[in-house]
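Asker: let me see the structure of the following:
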Amino acid sequence: VPIGSNVMWTFGSANLDSLVVVMDSTVLPTEKNNSEYKLSKRITASSDYSLFVANNYFSELVDIKYRIRVIPDLYPAIVVNEAKDSTNPAIVYFKGAIDDDYGFTRLTFHCFDGDKEISKSPVQFSQRLSSQDFYYAFDFASVEHNGNKLTYYFEVADNDGYSGPKTARSKVMEFNIPSAQDLQDMSDQTNSETENKVDEAKKISEDIKKSIDELKRKLVNESLSPYDRSQLMQDIIEKEDQLEQLMEQIKQEQNQLQQAKEQFSKSEELLKKQAEINALMENLMTDEMRQMREEMNKLLEDFNKDDF
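Answerer: Numbering: from 1, shown residues only. I've put the predicted structure just below:
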């Protein structure tokens, strides 16, 4: 039986004058009601016990032995995995699992700045399941802090009604707040990668222009089969898609850098400079891409759609 259980014994009898229970050298009184004997006791440890029965026909007590085994209430268990948001560096997502032999009363997230607890949040879970997964997300930019490193963990409590809830903690994890130098290094690296991608985007743009000019020339000077026209157009469309994907990558990387600076930087000058870079990236080659799109649409209008 689980530790701390209140156990009720009911003994049916016939032709008995007495029934005595002895557990751990202690005599436990039973209550007789007609032919039944009853006993109630809270069990906290595994024990051997004996029944002694007698009637007018027995000159000595008859000893009948039993054993009751107690199942201890084990500590709960918890494991947690984390993943950072790909677009917002301050947000971390968690997936965890909790397990206990009987269930839970509490699941909480704790965040510390040094020895000071700066956030304690309840985490949703089901009280009906003894083994379950849970999910949680935390925005580290939402808490006030003084240091550059925050520590955090999850704590789960079981529902031990005998000794009181027992707790278990996940591993202690860390979130490093980027310093001004970290943000500057991040900015330099991202902008360097952006420059390389801009150069690549310009090269793709030039290739698209050449392909469009070549297609126009061939349409005027040569007789192209529908298949040849389709292949040339397909090549231009693929290059255009490649260019758009590259520009989207540049935009996302700069937006991520902007978010990191907005959340962790206290330098107005650094934020203003990044905003200017983002505006430049937003308008980068927009006119050229619009012009190429118009030329593509015109070519499509000139072609017979059934050829494609």
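
Asker: pull out the buried positions in the helix or strand hosting Tyr227.
Answerer: With elements taken from DSSP states H and E, the one containing Tyr227 is helix 226-264. Neighbour-count burial for helix 226-264, counted by 16 or more other CB atoms under 10 Å, picks out 229, 232-233, 236, 239-240, 243, 246-247, 250, 253-254, 256-261, 263-264. From N, CA and C alone the C-beta is placed, and that goes for glycine too.

Asker: one more: stretch 93-103?
Answerer: Buried, per 16+ other CB under 10 Å, within stretch 93-103: Phe94, Gly96, Ile98, Asp99, Asp100, Asp101, Gly103.

Asker: cool, stretch 142-150 as well?
Answerer: For stretch 142-150, by 16+ other CB under 10 Å, it's His145, Leu150.

Asker: what does it rub up against?
Answerer: If you take CB atoms under 8 Å, 6 or more residues apart in numbering as the criterion, stretch 142-150 is touched by 90, 111-114, 118-119, 140, 174-179.

Asker: burial measure for Glu195, as a count.
Answerer: Neighbours of Glu195 under the rule other CB atoms under 10 Å: 11.

Asker: tell me which stretches of the stretch 1-150 of the chain form strands.
Answerer: 5-12, 18-23, 26-28, 31-33, 36-43, 47-54, 62-68, 77-84, 91-99, 104-113, 116-122, 131-139, 149-158 (DSSP state E, counting those that start in this stretch).

Asker: okay, the angle between the lengthiest helix in the chain and helix 226-264?
Answerer: As assigned by DSSP state H, the longest helix anywhere in the chain is helix 180-221. Per axes from the mean of the first three to the mean of the last three CA atoms, to 10 degrees, the angle that helix 180-221 makes with helix 226-264 is 160 degrees.

Asker: what is helix 180-221 packed up against?
Answerer: helix 226-264, helix 268-283, helix 286-302 (3 or more CB pairs under 8 Å, 6 or more residues apart in numbering; DSSP states H and E).

Asker: quick one: it to chain centroid distance?
Answerer: 37 Å (CA atoms, centre = their mean, to the nearest Å).

Asker: return the helix or strand in this protein with minimum mean pLDDT.
Answerer: Lowest mean confidence among the helices and strands of the chain (mean pLDDT, DSSP states H and E): helix 268-283, at a mean of 56.

Asker: show me the shaky parts of the stretch 201-308 of the chain.
Answerer: 221-224, 261-308 (pLDDT under 70).

Asker: which residues touch Leu16?
Answerer: Applying CB under 8 Å, 6+ apart, we find Leu16 in contact with Ser35, Tyr37, Val53, Ala54, Asn55.

Asker: swap the cut-off to 7 Å and go again
Answerer: Val53, Asn55 (CB atoms under 7 Å, 6 or more residues apart in numbering).

Asker: circling back to that earlier point, what angle do strand 131-139 and the helix holding Tyr227 make with each other?
Answerer: Angle, helix 226-264 to strand 131-139, by the same axes, to 10 degrees: 80 degrees.

Asker: number of residues surrounding Pro122?
Answerer: 10.

Asker: could you do Ala137 as well?
Answerer: Using other CB under 10 Å, Ala137 has 12 other residues around it.

Asker: is it in contact with Lys95, as I believe?
Answerer: No - contact criterion CB atoms under 7 Å: Ala137 and Lys95 do not qualify, at 10.2 Å.

Asker: beta partners for Phe109?
Answerer: Beta bridges link Phe109 to Ser121, Phe154, judged by DSSP bridges.

Asker: please renumber so the chain begins at 301
Answerer: Right, with 301 as the first residue, what we last looked at is Phe409.

Asker: residues in contact with it?
Answerer: Counting by CB under 7 Å, 6+ apart, Phe409 touches Ser421, Val423, Tyr436, Phe438, Tyr452, Phe454.

Asker: cool, Asp348 as well?
Answerer: Contact partners of Asp348, counting by CB under 7 Å, 6+ apart, are Lys365, Arg367.

Asker: ok, it to Val327 distance?
Answerer: Separation of Asp348 from Val327 (CB to CB, to the nearest Å): 14 Å.

Asker: and the nearest residue to Ala390 once chain neighbours are set aside, how far from Cys411?
Answerer: Of all residues not flanking Ala390 in the chain, Ala441 sits nearest, at 3.8 Å (CB to CB, 6 or more residues apart in numbering). According to CB to CB, Ala441 stands 12 Å off from Cys411.

Asker: please say which of these two ends up with more neighbours.
Answerer: Between Ala441 and Cys411, counted using other CB under 10 Å, Cys411 has the larger neighbour count: 21 against 16.
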